[in-house]
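Asks: no sequence on hand, only this structure:
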């Protein structure tokens, strides 16, 4: 029970990775709050669900107030949201400037705004913990060859957003020196989500053992960073990718 009685807000808690994180927290004795802009599909009586818009300061602060009033504290925030507009994922040469800016605004801007508002709360509370989610493509350049024979690509917005999230994490950790608030980042490799067979095969050829990860393969790292056993890890980006980025 590594997270016994810890109150943890998971932004994007209804997403593929978010749901796995929420369940992992519950398994380790924590109290997960699934906060998402999407409607809840499968509810669990052991989990609190809150609607939140990460581009709205009021929505974020309403979330903080609801959780604090019920539990009297918030131990940690996990940012897993993956917002994007309808034109996201186009080929580099087809991306419109307006779409590029909008996607950076809602994703990177949303991470900034959520973290900023929670940090204000954590400063008053006297402690806190933030985990942001980046990607291996925030660390290395894309391997475009793995997308051959598929309709997929690696969106340029994704590279810009995820690399910025890593440095935003470092910035916030340093800014909060001496305040008893940790900020770390996790950069997963590819996670199985019904991708084409050709892509999976190409991707796996660049890994060391398993290849594409399952969503639950990330949970151990999340639990580690949320728990007290990692209390002196701060400002770091932990890559979990089966060696893909080597």
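Replies: Looks like it arrived, so ask away. The shown structure was predicted, so the numbers you read here are calculated from the model rather than taken from an experiment.
Asks: report the outermost residue of this structure with respect to its centre.
Replies: Going by C-alpha atoms, centre = their mean, the residue of the chain most distant from its centre is residue 149, 29.2 Å out.
Asks: residues contacting it?
Replies: Residue 149 is in contact with residue 198, counting by C-beta atoms under 8 Å, 6 or more residues apart in numbering. (Glycine included, C-beta is placed from N, CA and C.)
Asks: residue 198 reaches residue 148, doesn't it?
Replies: Yes: between residue 198 and residue 148 there is a contact at 7.3 Å, judged by C-beta atoms under 8 Å.
Asks: comparing these two, which shows the higher neighbour count?
Replies: residue 198 (14 against 10; other C-beta atoms under 10 Å).
Asks: which strand in the chain has the most residues?
Replies: strand 181-188 (DSSP state E).
Asks: please enumerate residues in contact with stretch 216-233?
Replies: Contacts for stretch 216-233 (C-beta under 8 Å, 6+ apart): 2-3, 6, 8, 17, 20-21, 24-25, 28, 30, 75-76, 78, 129, 131, 182, 184, 186, 188, 191, 210, 238, 240.
Asks: can I get the buried part of those as one PyMOL selection?
Replies: In PyMOL, a selection of the buried entries from the contacts of stretch 216-233 looks like this (16 or more other C-beta atoms under 10 Å):
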select buried, resi 2+3+6+8+17+20+21+24+25+28+30+75+76+78+129+131+182+184+186+188+191+238+240
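Asks: strands - which of the contacts of stretch 216-233 land there?
Replies: Going by DSSP E, the strands hold 8, 76, 78, 129, 131, 182, 184, 186, 188, 238, 240 from those.
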